[in-house]
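>>> Model the structure of this input:
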Amino acid sequence: MSNPSPLPAAEIDRIRDLLSQVAYLLDAHDYDAMGTVFAQDVRFENPGRLVAHGLDELIASFKKITDPAVSHHVTNVLVTPVDERSAECVCKALTLRGNGVLAAAEYRDTVRLEAGGWRIGSRTIRPLG
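Presented below is the predicted three-dimensional model:
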């Protein structure tokens with residue numbers, strides 16, 4: 001018999017919702033609200049596009065992007081619980097750019113439960129294609 005997950009299904013659903021919330025914030029360009037989905041000490045790496053360490057740097061970096069994607073979509077989300085307060089996630093992402101180009105990527109996230117709820121502590125983006 002396999003070991004039971006350290007996270008109940010409801011918490012895994014909250015983590016999946018968290019990853020979707022990021023897409024909606026980015027689409028709305030609501031960068032000042034990123035603290036609702038990213039941890040204060042977030043490490044964010046999108047090679048060739050954006051690298052940031054810390055929430056303030058991440059927000060400032062997103063505000064400087066002159067050609068932000070107009071639509072973000074996450075799919076194929078896998079959540080692997082580490083313990084009762086953290087998990088590793090991987091998902092596929094599609095972004096529609098303003099020029100009509102569709103870009104595919106893989107997101108690897110580490111999430112943790114904080115006082116305000118689940119937050120992404122690190123995100124690494126690997127472009128596909």
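>>> is it true that Gly20 touches Val74?
Just to correct that, residue 20 is Ser rather than Gly. Yes. With contact defined as C-beta atoms under 8 Å, Ser20 reaches Val74; the gap is 6.0 Å. Heads up, the C-betas are built off the backbone N, CA and C, glycines and all.
>>> With neighbour numbers in mind, choose between the two.
Between Ser20 and Val74, counting by other C-beta atoms under 10 Å, Val74 is the more crowded of the two (19 against 16).
>>> so that one sits in a strand?
Yes. Judged by DSSP: H, G, I helix; E, B strand; the rest coil, Val74 forms part of a strand.
>>> show me what contacts it?
The neighbours of Val74, taking C-beta atoms under 8 Å, 6 or more residues apart in numbering as the test, are Leu19, Ser20, Val22, Ala23, Cys91, Lys92, Ala93, Tyr107.
>>> Could you verify that the second one is part of a helix?
Yes. According to three-state DSSP, Ser20 belongs to a helix.
>>> how close does it get to Val51?
The gap separating Ser20 from Val51 is 24 Å, by C-beta to C-beta, to the nearest Å.
>>> One more: His29?
The value you get for His29 to Val51, if C-beta to C-beta is used, is 20 Å.
>>> Repeat that for Ala87.
From Ala87 to Val51 the distance is 23 Å (C-beta to C-beta).
>>> can you check Ser86 too?
Counting by C-beta to C-beta, the gap from Ser86 to Val51 is 23 Å.
>>> the more surrounded of Ala87 and Val51?
Ala87 (23 against 13).
>>> Please look at that one and Val111 and confirm they touch.
Yes. Counting by C-beta under 8 Å, Ala87 does reach Val111; the two are 5.3 Å apart.
>>> shared neighbours of the two, anything?
Each of Ile15 lies in contact with both Ala87 and Val111 under the rule C-beta under 8 Å, 6+ apart.
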